[in-house]
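> Got a sequence here, can you model it:
(chains A and B)
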Amino acid sequence: MTTMTYEQAMEEFDPVFGIEVHVELNTATKMFCGCANEFGAEPNTQVCPVCLGLPGAMPVTNQKAVESAIRLGLALGCSIRESSRFARKNYFYPDLSKDYQISQYDEPTCYEGSLDVVLDDGTVVTVAIERAHMEEDAGKNTHVGGSGGIQGADYSLVDYNRGGVPLVEIVTKPITGMGDRTAEVARAYVATIRDIVRALGISDGRMEQGSVRADVNLSLRPKAVAGESQDDVPFGKRSETKNVNSLRAIERAVRFEAGRQAALLLAGQPVVQETRHWHEDTSSTTPGRSKEEAEDYRYFPEPDLLPVEPSREWVEELRGTIPEHPAKMRARLREEWGFSDLEMRDAVAADALDLIAATVAVGTTAQAARKWWMGELSRVANDREVALTSLPVSPAAIAELQGLIDAGKINDKLARQALEGVLAGEGSPAEVVESRGLEVVSDDSALEKAVDDALASQPDVLAKIQDGKLQAAGAIVGAVMKATRGQADAGRVREIILQRAGVEG
Amino acid sequence: MSVTDWTRATAAQMADALAAGEVTSVELVQAHLDRIAAVDGPVHAFLHIDAEGALETARAVDADRAAGVSLPRLAGVPIGIKDVLVTKGLPTTAGSRILEGWIPPYDATVTRRVREARMPILGKTNMDEFAMGSSTEHSGYGPTRNPWDLDRIPGGSGGGSAAALAAFEAPLTIGSDTGGSIRQPASVTATVGVKPTYGGVSRFGAIALASSLDQLGPCGRTVLDTALLHEVMGGHDEMDATSLDEPVPAVVEAALEGARMDLTGVKVGVVRELSGADGGYQAGVTQRFEESLAKLRDMGAEVVEVSCPSFEYALAAYYVILPSEASSNLAKFDSVRFGLRVEKTTVEKTMLATRAEGFGDEVKRRIILGTYALSAGYYDAYYGSAQKVRTLVQRDFDAAFERCDVLVSPTTPTTPFKIGERIDDPLAMYLNDIATIPANLAGIPGMSLPSGLAPEDGLPVGFQILAPAHEDARLYRIGAALEASLAAEWGGPLSAQAPELEVAE
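This next block holds a predicted model:
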């Protein structure tokens, strides 16, 4: 099949796109039962009659999930419906235990919002949100044998641990007028959603684990001719590329689909309205089941559940918990902290903003906080292959450690040893300094004795110093530091040596 | 009390005798097991007998009673459970071959309450497949026969639960009523059955037919027995989101009050549209109904006629809503997780073959109807219109209950018909439930109790009482009063007049 480049496609056509983002909520339990909502457990160990769809079982709505969905809707500027309903979406598939999915259809809880998306060059694009609704996830099929797909597999296994995990699906309105920035906007939109759900604390936002997933809809239409408004040109047939699960892939999927559709249209062939699969390895899409258009989900109100009717007071209370828009917060923090663009980008990428902010909040300078979290602690996290946020050390402890340095109690080298103790669970930085005896030796009599011992073992050094070769003092400083296991204040040691030599430093 | 055959006693008498030490639970259970062995061959009320489980419960109750442990009122009184309720460790099929051999890993809430009430479970009673039917001829395991005439139907879908009572195989049974499946079998077997207010009894663990209509309820031979069981079953359950969060109505107290036969000040409405005023009701049914009205008047009640014009459309609306919900509820029977699997080369073919083989004709008929009614383009015309009728039916009831404390009608237009007579005429079968369906559409409680035998065929006639939602106690008060006044005339309960069944060796 022939394709064109994205750039060529953009010269010929006007793109229209829309994105559906599924966010897995990080509630303790599933959407409609008490099973643990946890990624990575042994298959079919987090299941019960409800999420297995056993005969007789009934769903009960997780109120924490409703709270998370409403907070997300508020963060997306949505209106919150006073009464919304769950609906059944009926289709047969082995990973869907009841053979219907409980979702929301004509009455989503959150509707009509808008979200500002900041592009890399600072351009702000406002994306109109159509709805954000709650639903349950399906289980996971594993096809064994053949190519790994359902076709040709020897057999298939189903893991229902994910079945019933709470999701919020965010659907944009068609986004127009982005031209050749379409791919960039698509990526930035999903990145913003990811940042918002993390800031809200309602999802871990890990795209690689599927906790944020995107479906990308794209169509092309001819560019308006002179005298015609682009808005008057009807939309073309769209493709829906499913499960595009990284920011980079979103950009690439848009680029590929635009090129593919443009080539078809220019060759006089129709674009088929269909779902397509994204292939990470080849950065391309292939057709999914073509009968999508004929699929009829027979939606009807879920009779086993009562309507969701959040009180106005509760919604207002939740509105008070919505954090600042991530892009605005970053701009503000960069300003306050005096970080360079690069420093800020690194801190964001390392998921360190909250940690730095919390460290700054208890009195450390922004640069010192950055130095710890982006330096030694990032290195430790990297060695241990864990997230920075899951290291067993608090921002308060880092602030305390920096305070000990600032007060001259320890030096940088001792501070790293103290941190090692903190990470090993030996207590607070002050406790570790105490128990490991890490405090800088500032008692002159002890230092003088150490200097005299060192001078006695290297008698020629004193003469060299007296001859003006001051750098020879370095050997004595080294010996003293060794004797005191690094706890001596090197500057003070040097002063004592020069005093002994009768030379003024 | 001195009793030679304990199976003839009421549940209340059994409970009193147990408490007084006049009989043991083991004796009661054994008497009923013997009776089942003697007569259930031709009656076929039970699909599964759990003799050992029932005796084990009985022995434990007897031991506790001997040890002076305080026990619930019905502790030790045996019971039969409709096979629609899941019972941990006991086969549960809902009358369908598709669930043959399935042993549920959990208990329905009502099953749990029965166990907590320390009632020995004799076994599971027969029913129309997935409760679809009015004759129990649609059971996947063969029909149940009416103990009053073995050539006739015992009603349905809960024919097993009703026949077990009429044949003295159990003093109490549990039923489920979606359009009359408790009340119509009670009517044609001269027993008592109650459909409580929607939400009054937890549906958790009841295999769903139509979730917005289904309600579990008690079945017995007397109004008081039924009330005693109602109080065991009822009450809020956090596993059922539609369960009412309010105390169980004081139905036992109401039954005791009714038995004093004073209905002064009670206003009884005869629903014109449900009482054969326009013909079509069997003469003997109308005659017994009129006689019962006279009894109510004799006890001080005022009887008036009310009209509920939208009831004309109730049956049609019901046969849209029920199949629609059922088509979705029955989707889970797909061979993947439990029950029958007819293995084919692909999962799609396996699902199709399993459902083709496992479901009976009536179930298939309703799945097809419901799938059609919910389809895109037909939803508004069918499901949407049916829901509007439902609202109109509710309004008619509201208006009628402004004028009356309870509404009454014959439970069914005729006495039980012959097995096979209507099996090929679904519409004639559906008309059986013309008087019982409106209560399910409105969610209000209803009771059927015996009002005598039709002179022309000597078969039972039922009297239906309906009350406003949450006012279940009114059914018991009026019902107990009518029962007492009729028993005074008959010289005992009508059930005692049932013909002797041939006893197997």
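> Not counting sequence-adjacent ones, nearest residue to A:Gly152?
A:Gly146 (3.3 Å; C-beta to C-beta, 6 or more residues apart in numbering or on different chains). From N, CA and C alone the C-beta is placed, and that goes for glycine too.
> For that neighbour, give its distance to B:Glu343.
Applying C-beta to C-beta, to the nearest Å, the value for A:Gly146 to B:Glu343 is 18 Å.
> higher neighbour count, the two?
Between A:Gly146 and B:Glu343, counting by other C-beta atoms under 10 Å in any protein chain shown, A:Gly146 is the more crowded of the two (12 against 9).
> got the phi/psi numbers for the closest residue to A:Thr321 other than its chain neighbours?
Distances taken as C-beta to C-beta, 6+ apart place A:Arg71 nearest to A:Thr321, at 6.4 Å, with adjacent residues excluded. Per-residue torsions, A:Arg71: phi -60, psi -40 (degrees, to the nearest 10).
> do the same with A:Glu11
phi -70, psi -30.
> quick one: it from A:Gly259, how far?
Counting by C-beta to C-beta, the gap from A:Glu11 to A:Gly259 is 12 Å.
> who has more neighbours, the two?
Using other C-beta under 10 Å as the criterion, A:Glu11 and A:Gly259 rank with A:Gly259 on top: 20 against 13.
> Pretty sure that one sits in a strand.
No - applying DSSP: H, G, I helix; E, B strand; the rest coil, one finds A:Gly259 to be helix, outside a strand.
> Wait, it touches A:Met4, no?
Yes - counting by C-beta atoms under 8 Å, A:Gly259 does reach A:Met4; the two are 4.6 Å apart.
> Please name the nearest non-neighbouring residue to the residue of the stretch 151-300 of chain A found nearest chain B.
Using C-beta to the nearest C-beta, the closest approach of the stretch 151-300 of chain A to chain B is made by A:Arg298 at 3.8 Å. Setting aside the residues directly before and after it, A:Arg298 is nearest to B:Leu374 in space (C-beta to C-beta, 6+ apart), at 3.8 Å.
> show me what contacts the one you found?
Taking C-beta atoms under 8 Å, 6 or more residues apart in numbering or on different chains, we find B:Leu374 in contact with A:90, A:298-300, B:324, B:327-328, B:382-383.
> Quickly list the domain ranges of chain A.
A:6-295, A:324-436, A:444-501 (automatic domain parsing).
> Figure out which of these is closest to B:Leu47.
The closest of these to B:Leu47 is domain A:6-295. By C-beta to C-beta, the value is 15.0 Å.
> Let me see the contact set for the closest residue to chain A within the stretch 201-350 of chain B.
Closest residue of the stretch 201-350 of chain B to chain A, C-beta to the nearest C-beta: B:Ala331 (3.5 Å). Counting by C-beta under 8 Å, 6+ apart, B:Ala331 touches A:90, A:92, A:98-100.
> That one and A:Tyr299, how far apart?
Taking C-beta to C-beta, one finds B:Ala331 at 14 Å from A:Tyr299.
> Quickly list what's touching both of those two.
The contact sets of B:Ala331 and A:Tyr299 overlap at A:Asn90 (C-beta under 8 Å, 6+ apart).
> Next one: B:Ile121 relative to B:Val192, how far apart?
As for B:Ile121, its distance to B:Val192 is 20 Å (criterion: C-beta to C-beta).
> more crowded one of the two?
Taking other C-beta under 10 Å, B:Ile121 and B:Val192 do not tie; B:Val192 has more neighbours (32 against 22).
> Show the pLDDT at that one.
We have a pLDDT of 98 for B:Val192.
> Which strand residues bridge it?
Per DSSP bridges, the residues bridged to B:Val192 are B:Gly220.
> Give the burial count for the residue in the stretch 51-200 of chain A that chain B sits nearest to, as a bare number.
Relative to chain B, the nearest point of the stretch 51-200 of chain A is A:Asp99 (3.5 Å; C-beta to the nearest C-beta). Neighbourhood size, A:Asp99 [other C-beta under 10 Å]: 21.
> Write out the residues of chain A neighbouring chain B.
A:49, A:52-61, A:88, A:90, A:92, A:94, A:97-100, A:150, A:156, A:158, A:296, A:298-300, A:303-306 (C-beta under 8 Å from any C-beta of the partner chain).
> Could you report the distance from B:Asp34 to chain A?
31 Å (C-beta to the nearest C-beta, to the nearest Å).
> That residue - that's part of a helix, no?
Yes - the assignment for B:Asp34 is a helix, going by three-state DSSP.
> dump the residue contacts of B:Leu449.
Neighbouring residues of B:Leu449 by C-beta under 8 Å, 6+ apart: B:186, B:192, B:223, B:462-463, B:465, B:479, B:482-483.
> A:Phe256 too?
By C-beta under 8 Å, 6+ apart, A:Phe256 lies in contact with A:3, A:6, A:283-285.
> B:Val61 now?
Here B:Val61 is in contact with B:18, B:25, B:71, B:75-76, B:118, B:120 (criterion: C-beta under 8 Å, 6+ apart).
> change it to 6 Å
Residues in contact with B:Val61 (C-beta atoms under 6 Å, 6 or more residues apart in numbering or on different chains) are B:25, B:75-76, B:118.
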